[in-house]
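Q: Quick one, what's the 3D model for this:
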Amino acid sequence: MRLGLMAVPLAFFALFFAYPVVAIVGRGLKDGGQWQFGRFGAVLGDPDIAHVLWFTVWQAAASTALTLLIALPGAYVFARFAFPGKQLLRAVVAVPFVLPTVVVGSAFLALVGRGGLLDELWGLRLDTSVWAILLAHVFFNYAVVVRTVGGLWSQLDPRQEEAARMLGAGRFEAWRRVTLPALGPAVAAAALMVFLFTFTSFGAVQILGGPTFATLEVEIYRQTAEFLDLPTAAVLTLVQFAAVLGVLALHALTVRRRESALRLVPAAQTAHRPRGRGQWALLWGTLGVITVLLIVPLAVLVERSFDGPDGYGAGFYTSLRSAASADSTFAVAPLDALWNSLAYGVAATAIALVVGGLAAAALTLPRLRAGASGRTACVSRLVRGFDALLMLPLGVSAVTVGFGFLISLDTPPLDLRASWWLVPLAQALVGVPFVVRTMLPVLRAVDGRLREAAAVLGASPWRVWREVDLPMVRRALLIAAGFAFAVSLGEFGATVFIARPDQPTLPVAVARLLGRAGELNYGQAMALSTILMVVCAAALLILERLRPLDHSGEF
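A: Residues are numbered from 1 along each chain as shown. Model prediction:
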């Protein structure tokens, strides 16, 4: 049954991930049909490349630690506290995650660069330091920690921690010995996703780091687009593969040993109004962090979208409905990108939920017993490799994937260059890891004895899933759908290569507008960015309102 569940995800990744990436890497490392492995020594021996590798690892580790430090209190606030506007604020927190990196980089530059808000108020500039990059990464990934960790935290039975306190443990000791071990897999999953995203960071580093700082992703782009050096880009892509596989192996070794069945309860039963000065201070402190770190950069984009040549108004928005002129950036009205993004996003979310849901179910089936036959041991190794494979799209250059789609999916029976489904397939690649990592901690926390009891009573595997697993993971499924949809709305790296000129997505449209001079193009880019924020916030808010009923019959 496990292999049957793995069949669809394996086929999906083989056709739309492994095949395109292998094709583009092969083109870079082959010369006259011969593999040029000597390029590895030449590239990795370059001091400039070594510096890029060191900075990539260092800034990813620092960004991950800083994000966890700042976002974990927020995860607790959203999981345990009930306060007015909570659902709206949760949706707002997720908006930065879907914004195109070029837009966010520009927004942070307006805040911390020359003539920015900090420069005007205190004469402080951060655009020439690594702090601007780290803060931008926290801005992007705050929602990853809040939703991944908070989703499980909100369903942990608080009576377990209360029992520890009744036995004499202090508040912190009870949290450290009871709650923290239970949250371990979710924290590790969030840290893994943040590390992979920051390890492959592109737009924020390119804009805020300038010529001083470069990640592997930035260097791959430079070697591909600026220097046309595909062999060097191919070597760096394989280095990314090796690094990501190493991180995933470490994650598997350190986290899986700590997984255990947890007592889960409906989220509505664990949330309460803050009690005491400490909890109120934590709530207001979290709201302050969200305001300064997340809302202020978004407010800059909104303000600029209304700041026209004749003063504040909706001129940039009304111009989005006009069909493009002969010398314009678009062959269609820029507003058409909104409808394209929504259609692509729905399709990509559906694909990601099917592929990711099957993958998560396969990974949470009862584990194989030690000392089994050689065939069983082989299947066990296959499952471990399958788990690592699911995360690879987060650690591979989007430039590589986009070019790979162009050069590999161009011949029958996989000639998809003119297919509408090409963009959702590329977007779903990035959505699947979020579906899997969001659902795994909850699925693995379900007591396996419940499944066994249902099976003994004659329930089919499908009915066991429907009657036992689904009621407990519906909330995680909705969170996963929100992540997949949000990721599809903001995906840019691969989409920019494969989206048709007459069917651009919102991020592609924003990048095209920012790439052309003129106040109108810049204003329209800010207007489209604001629309993207609003659409994402509305979609995530709807998902918050569609939470499953708890045992009391209330949402």
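
Q: So which residues of this protein form strands?
A: Under the criterion DSSP state E, the chain contains strands at 30-31, 34-35, 307-308, 311-312.

Q: Sheet-wise, list the partners of the last one with their directions.
A: In other words, strand 311-312. strand 307-308 (antiparallel) (DSSP bridges).

Q: before we move on, the earlier item: can you tell me which of the strands of the chain is packed in deepest?
A: Highest mean neighbour count among the strands of the chain (mean count of other C-beta atoms under 10 Å): strand 307-308, with a mean of 16. For every residue, glycine as well, the C-beta is placed using N, CA and C.

Q: Run the chain-centre distance for it.
A: 32 Å (C-alpha atoms, centre = their mean, to the nearest Å).

Q: got it, and stretch 90-109?
A: So, by C-alpha atoms, centre = their mean, the centroid of stretch 90-109 is 12 Å from its chain's centroid.

Q: and Val57, how far is that from Ala243?
A: 8 Å (C-beta to C-beta, to the nearest Å).

Q: Val103 and Leu301 touch, don't they?
A: Yes - using C-beta atoms under 8 Å, Val103 is in contact with Leu301, at 6.9 Å.

Q: out of those two, which sits in the busier spot?
A: Val103 (27 against 21; other C-beta atoms under 10 Å).

Q: number of nearby residues for the residue nearest to Leu320 when sequence neighbours are not counted?
A: Using C-beta to C-beta, 6 or more residues apart in numbering and skipping the chain neighbours, the partner closest in space to Leu320 is Leu335 (4.2 Å). Using other C-beta under 10 Å, Leu335 has 20 neighbouring residues.

Q: State the distance from Leu335 to Ser341.
A: Taking C-beta to C-beta, one finds Leu335 at 11 Å from Ser341.

Q: one step back: now render the strands of the chain as a markdown table, adding mean pLDDT.
A: Listed next are the strands of the chain as a markdown table, based on pLDDT from 0 to 100:
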| stretch | mean pLDDT |
| --- | --- |
| strand 30-31 | 74 |
| strand 34-35 | 71 |
| strand 307-308 | 82 |
| strand 311-312 | 84 |
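
Q: Quick one: closest of the ones you listed to Glu519.
A: strand 307-308 (8.0 Å; C-beta to C-beta).

Q: Just confirm Val77 contacts Leu282, I think it does.
A: Yes - the pair formed by Val77 and Leu282 meets the contact definition of C-beta under 8 Å, at 6.4 Å.

Q: Look at the two and report which has more neighbours.
A: For Val77 and Leu282, the more surrounded residue by other C-beta under 10 Å is Val77, and the numbers stand at 24 against 18.

Q: roughly how far apart are that one and Ala281?
A: 11 Å.

Q: Quickly list what's touching both of these two.
A: Common contact partners of Val77 and Ala281 (C-beta atoms under 8 Å, 6 or more residues apart in numbering): none.

Q: which residues in the stretch 1-150 of the chain form helices?
A: For the stretch 1-150 of the chain, applying DSSP state H, counting those that start in this stretch gives helices covering 2-13, 19-29, 38-44, 47-80, 86-94, 101-112, 117-122, 130-153.

Q: deepest of the ones you listed, which one?
A: Most buried of the helices of the stretch 1-150 of the chain by mean neighbour count (mean count of other C-beta under 10 Å) is helix 130-153; its value is a mean of 24.

Q: Show me what it is packed up against.
A: Using 3 or more C-beta pairs under 8 Å, 6 or more residues apart in numbering; DSSP states H and E as the contact test, the elements touching helix 130-153 are helix 47-80, helix 86-94, helix 101-112, helix 180-199, helix 203-209, helix 422-445, helix 470-490.

Q: Can you flag the weakest of these by average pLDDT?
A: Among those, helix 101-112 has the lowest mean pLDDT, at a mean of 74.

Q: roughly how far is that one from the heart of the chain?
A: Worked out by C-alpha atoms, centre = their mean, helix 101-112 lies 19 Å from the chain centre.
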